[in-house]
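A.B. asks: no sequence on hand, only this structure:
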């Protein structure tokens, strides 16, 4: 097995050294991914090990040496695994289904926020959030926010909108910033956002 | 768009944690290995990794990946 400092050199080297390094890395990743995704079958582990190896090998330049190479490689492999798991779990669900189901469930629950037990301050805050969502966010921001709150993973939302996970994060981050800024402009403080 | 109490609470929690500058999922992936090693070594998280710590509090997917990475690393 290669020592940590050898990995980049071996994986970038001549074919025999590279093939040996890839075999070592495959063995290591396969063993770790079995622990990481213990409830998944051997086929799944083999597939994500292979996909991760390809991804890692194509991204060697991105390794900055801020951690052990094997930790960095495993980080990529875990993301590859979750990307595939989430794709499989959500493959039959459309964005419209998620937002429509969420909306129909929500419609029945809104009244619970109007119960006498809810404080006047909470009611004002809830009303303000709903108003800002309706008036200040784009339709895409509303759809993505609703899908996220309904539990759909960002990369699956992105897959349906032709965007990557990072772009979805930025979209909802901009929505959150807009919401927070507008709430502050309307006099709500950081403490008011507590849900206790 | 109406939100249930649960979703409203979740959104308010996210808003409370929202900062003027945040690490993205790509930033988090790039630094996750270093963050995980620091975490497992029991060291104080340096200022350069604070944004990653904050991101893991707000991003369920990165958090899930981080916890799984820790599980795998503990077996190393």
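C.D. replies: Cool, got the structure. Every value quoted in this text rests on a predicted model; they were computed, and no experiment measured them.

A.B. asks: what is the burial count for residue B:65?
C.D. replies: 23 (other Cβ atoms under 10 Å in any protein chain shown). Every C-beta, even on glycine, is put in place using the N, C-alpha and C of the backbone.

A.B. asks: need the per-residue pLDDT for the spatially most central residue of chain A.
C.D. replies: Central residue of chain A (Cα atoms, centre = their mean): residue A:154, 4.8 Å from the mean position. At residue A:154, the model reports a pLDDT of 95.

A.B. asks: how much space between it and residue A:139?
C.D. replies: Noted for residue A:154: a distance of 18 Å to residue A:139, by Cβ to Cβ, to the nearest Å.

A.B. asks: quick one, helices of chain A?
C.D. replies: A:7-11, A:15-36, A:42-58, A:69-90, A:95-109, A:120-136, A:139-149, A:154-161, A:165-185 (DSSP state H).

A.B. asks: ok, for the most centrally placed residue in chain B, nearest residue in space, not its chain neighbours?
C.D. replies: A centroid search over chain B (Cα atoms, centre = their mean) returns residue B:56, at 0.5 Å, as the residue closest to the centre. Closest residue to residue B:56 apart from its sequence neighbours, by Cβ to Cβ, 6 or more residues apart in numbering or on different chains: residue B:63 at 5.0 Å.

A.B. asks: ok, now residue B:61?
C.D. replies: In space, residue B:61 is closest to residue A:153, 5.5 Å off (Cβ to Cβ, 6+ apart).

A.B. asks: tally up the residues packed near that neighbour, please.
C.D. replies: 22.

A.B. asks: ok, now which ones touch it?
C.D. replies: Shown in contact with residue A:153 (Cβ atoms under 8 Å, 6 or more residues apart in numbering or on different chains): A:86, A:90, B:61.

A.B. asks: hmm, back to that, could you tell me the least trusted of the helices of chain A?
C.D. replies: helix A:95-109 (a mean of 65).

A.B. asks: what about the residue nearest to residue A:81 when sequence neighbours are not counted, how many residues close to it?
C.D. replies: Once flanking residues are discounted, residue A:81 sits nearest to residue A:48: 4.5 Å by Cβ to Cβ, 6+ apart. Residue A:48: 26 surrounding residues under other Cβ under 10 Å.

A.B. asks: where's residue A:48 relative to residue A:27, distance?
C.D. replies: Applying Cβ to Cβ to residue A:48 and residue A:27 gives a distance of 14 Å.

A.B. asks: do residue A:152 as well
C.D. replies: From residue A:152 over to residue A:27 the distance is 35 Å, taken as Cβ to Cβ.

A.B. asks: next: residue A:170.
C.D. replies: In terms of Cβ to Cβ, residue A:170 sits 37 Å off from residue A:27.

A.B. asks: this completes my enquiry, with thanks.
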